[in-house]
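> after the sequence you'll find the predicted model.
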Amino acid sequence: MRIGKGYDVHRLVEGRDLILGGVKVPYEKGLLGHSDSDVLLHAICDALLGAAGLGDIGEHFPDSDPQYKGISSLLLLAHCVVLVGLKGYEVVNIDATLLAEAPKISPYKAAMRENIAEVLCLDSGDVNIKATTTEGLGPVGRGEGMAALCVALLKETDEA
Ligand SMILES: Nc1ccn([C@@H]2O[C@H](COP(=O)(O)O)[C@@H](O)[C@H]2O)c(=O)n1
Ligand SMILES: C[C@@]1(CO)OP(=O)(O)OP(=O)(O)OC[C@H]1O
């Protein structure tokens, strides 16, 4: 068994779609970045890469590479699963937290879990998504951006 953690932050701006967990969430702003800027999936990617000893998302998908411009982070996550598999591991479960003052993501959590579970080849019960505000404090609390944290557990592919 191996454990990994991921953390990511993206700035909120006007004129971008808000994509979280592969779901387009209706909101007046979206996250800024080179890809679709799905901060939740980026934290999950980093947790998986970390658990497998494979560095971080920016090493595998540089933000200077035009092939990743606007890419769905579900594709980046799928690639991380392949990399983890090549190291001889599969995912046991993940537990992620989104830090966002608004909007409420509760109505979209089930769809996010299903998207993520499909890519990770897990039951949706093994994909836990949580959300919290920061009670108006700090950059997240002021609505300047969103952050996400994730912990992932891997097991060796032939481990019981
Ligand atoms: N963007 C968010 C933030 C929070 N939630 C849900 O609301 C609950 C209460 O949040 P607090 O920050 O006041 O503790 C939280 O447990 C989440 O269930 C949300 O859906 N979206
Ligand atoms: C995902 C990548 C690649 O498109 O770009 P961003 O969407 O900017 O995301 P970030 O979390 O800053 O870093 C990883 C990047 O290399």
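Looks like it came in fine. Model, not experiment: these values are computed from the prediction. Numbering: from 1, shown residues only. Ligands and ions are numbered 1, 2, ... in the order given.
> the most centrally placed residue in the chain sits in which helix or strand?
Taking Cα atoms, centre = their mean, the centroid of the chain lies closest to Leu41, which sits 1.5 Å from it. In this assignment (DSSP states H and E), Leu41 forms part of helix 39-51.
> CA atoms only: put that helix into PDB for me.
Extracted in PDB, the C-alpha atoms of helix 39-51 (Å, rounded to 0.1, in the frame of the first residue of the first chain):
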ATOM      1  CA  VAL A  39      -8.600  22.200  -9.600                       C
ATOM      2  CA  LEU A  40     -10.300  19.200  -8.000                       C
ATOM      3  CA  LEU A  41      -9.000  16.800 -10.600                       C
ATOM      4  CA  HIS A  42      -5.500  18.300 -10.500                       C
ATOM      5  CA  ALA A  43      -5.300  17.600  -6.700                       C
ATOM      6  CA  ILE A  44      -6.400  14.000  -7.400                       C
ATOM      7  CA  CYS A  45      -3.700  13.700 -10.200                       C
ATOM      8  CA  ASP A  46      -1.000  14.900  -7.800                       C
ATOM      9  CA  ALA A  47      -2.200  12.500  -5.000                       C
ATOM     10  CA  LEU A  48      -2.000   9.600  -7.400                       C
ATOM     11  CA  LEU A  49       1.400  10.600  -8.800                       C
ATOM     12  CA  GLY A  50       2.700  11.300  -5.300                       C
ATOM     13  CA  ALA A  51       1.600   7.900  -4.000                       C
END
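> does it come close to ligand 2?
Yes: judged by Cβ under 6 Å from any ligand atom, helix 39-51 comes into contact with ligand 2 at His42. From N, CA and C alone the C-beta is placed, and that goes for glycine too.
> any residue of that helix up close to ligand 1?
No: Helix 39-51 does not reach ligand 1 (Cβ under 6 Å from any ligand atom); its nearest approach is 11.0 Å.
> who in this structure is up against ligand 1?
Within the chain, the residues that sit near ligand 1 (Cβ under 6 Å from any ligand atom) are Ala100, Lys104, Ile105, Ser106, Ala131, Thr132, Thr133.
> got a quick PyMOL command for the buried subset of the residues you listed?
In PyMOL, this line selects whichever of the residues of the chain next to ligand 1 come out buried by 16 or more other Cβ atoms under 10 Å:
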select buried, resi 100+105+131
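> list the buried ones in stretch 59-78?
Phe61, Tyr68, Ile71, Ser73, Leu74, Leu75, Leu76, Leu77.
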